[in-house]
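A.B. asks: Kindly generate the corresponding structure for this input.
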Amino acid sequence: MSSRIQQLIESAAKRGVDCVAVMPGANTLYLTGLPFHLMERATVAFFPVHGRPALVLPALEATKPAAGPVKIDWQLFPWPDEEGPAAAFTAASNALALPGKTLAVEELVMRVRELRLIEASAPGVRFADAGPLLASLRMRKDEVEIARMWQAVAITEAALETTLAKIRVGMTEREIANELLLEMLRGGAESWPFEPIVLAGPNSALPHGAPGDRRLQSGDLLLFDFGVSVSGYASDITRTFAVGGPRSAGEVGDELRRAYDVVKCANEAGRKAARPGIEIQEVDRAARKVIADAGLGEYFTHRTGHGLGLEAHEPPFACEGDTTILEPGMTFTVEPGVYLPGKGGVRVEDDVVITADGCESLTTFDRELRVIG
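C.D. replies: Next up is the predicted model:
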């Protein structure tokens, strides 16, 4: 982690940035190993190009840095609840000589509260986006990170298999989601990067719907989209099934069956396209072409994939316009979908890692349309 901080500082210097401010969350964990979480008490880590890093934090957290997994020569600025954080931010700003300097902040994470505290304590400070600096470090996973993702995938797939065996016609989406959560915990999940999506019948045409009280019926499609986290690293898998008990998958109807076959082929095309040296948008183009050629392009309403690691959604993104060149160690999802309003939706999602000569799928759960219930 100390080498990650050094890489961040070197990258910041090359871009004319004097200091990088990081909020509690994935980037703080990545750089320091400290599991701070975003709460009402302001906490910000500062990494200057020159000098010691600084940490503004509530007094109740003041002993946490010393207990962290890596020794960092922090300048600590704890603040008590009764006084508030303003004085601590001013002290940190003065120690870092921030007034008039360029400070890179996380545009997608930095809150108005912390931004105003920084502005008040560092007159003339100029802001830049820290997102590209941090993404360039985190996109390439090392062996330890990938091993944790393998673990997360194994727990995810085992939980899905066990849950499927319990599903019966008449169960609600929420009941199935609760069974899935229990199996994830029993299997060793430490947490999950997002609430599981379990959608049946017409609801499965909602890409990010939430499980409710709809009961499974024979002939439904049943879509699962979920993952777990292990040591902070996430998995994310989607599989779609046919509900039909002992009868054939044909019960879902020819239109939905065809949509499934097209999406499965699009998923395969996306995975086959992924290799080092190409722009990640080519993965999206490969998957999207299959669906468009089948006449279903208007029903594929989202990008083909997103980066995966400490967060369920992080750079790079498999979509038109993302020209990130794929390199070994990059991990992302391949998840084309087709959503037919009022009828049902299909998504097949895998987690992949770029290798020296192609890509490897971390997820191996069967992609054929399976009949359950």
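
A.B. asks: When you work out contacts or count neighbours from here on, use the C-alpha atoms and nothing else.
C.D. replies: Will do.

A.B. asks: Can you spell out which helices and strands pack onto the strand or helix carrying A21?
C.D. replies: Taking DSSP states H and E as the criterion, A21 maps to strand 19-22. Packing contacts for strand 19-22, counted by 3 or more CA pairs under 8 Å, 6 or more residues apart in numbering; DSSP states H and E, involve helix 2-14, strand 44-48, strand 102-105.

A.B. asks: so what secondary structure elements neighbour the helix or strand just after it?
C.D. replies: Counting by DSSP H and E, the next helix or strand C-terminal to strand 19-22 is helix 26-32. The contact analysis (3+ CA pairs under 8 Å, 6+ apart) places helix 26-32 against helix 2-14.

A.B. asks: before we move on, the earlier item: now tabulate the helices and strands packed on strand 19-22 in TSV and tack on distance to A356 and mean neighbour count.
C.D. replies: TSV is the format used below for those (distance: least, CA to CA, whole Å; neighbours: other CA atoms under 10 Å):
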stretch	distance to A356	mean neighbour count
helix 2-14	23	16
strand 44-48	33	22
strand 102-105	33	21
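
A.B. asks: Can you say which of the ones you listed is nearest to A67?
C.D. replies: Closest approach to A67 among the helices and strands packed on strand 19-22 (CA to CA): helix 2-14, 15.2 Å.

A.B. asks: chain center to the strand holding A21: distance?
C.D. replies: Distance of strand 19-22 from the chain centroid (CA atoms, centre = their mean, to the nearest Å) equals 22 Å.

A.B. asks: contact partners of that strand?
C.D. replies: Contact with strand 19-22 is made by 9, 12, 28, 44-49, 102-106, 110, 130, as judged by CA atoms under 8 Å, 6 or more residues apart in numbering.

A.B. asks: Now do the strands in the stretch 201-350 of the chain.
C.D. replies: 221-226, 229-230, 233-234, 237-243, 305-307, 314-318, 331-334, 337-340, 344-347, 350-354 (DSSP state E, counting those that start in this stretch).

A.B. asks: how much does the fourth one deviate in direction from strand 350-354?
C.D. replies: Interaxial angle of strand 237-243 relative to strand 350-354 (axes from the mean of the first three to the mean of the last three CA atoms, to 10 degrees): 150 degrees.

A.B. asks: If you average the pLDDT over stretch 34-50, what comes out?
C.D. replies: Average pLDDT, stretch 34-50: 96.

A.B. asks: returning to that earlier point: redo the helices and strands packed on strand 19-22 as JSON lines? Include distance to A287.
C.D. replies: Output for those, formatted as JSON lines (distance: least, CA to CA, whole Å):
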{"stretch": "helix 2-14", "distance to A287": "34"}
{"stretch": "strand 44-48", "distance to A287": "40"}
{"stretch": "strand 102-105", "distance to A287": "34"}
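
A.B. asks: Which one of those lies nearest to I176?
C.D. replies: Closest approach to I176 among the helices and strands packed on strand 19-22 (CA to CA): strand 44-48, 39.6 Å.

A.B. asks: longest helix of this protein?
C.D. replies: helix 143-164 (DSSP state H).

A.B. asks: For it, name the packing helices and strands.
C.D. replies: By 3+ CA pairs under 8 Å, 6+ apart, helix 143-164 packs against helix 173-186, strand 229-230, strand 233-234.

A.B. asks: Of those, which is nearest G321?
C.D. replies: The minimum distance between G321 and those falls on strand 233-234, with 25.1 Å, by CA to CA.

A.B. asks: So what are the sheet partners of the closest one and their directions?
C.D. replies: With DSSP bridges as the test, strand 233-234 is paired with strand 229-230 (antiparallel).
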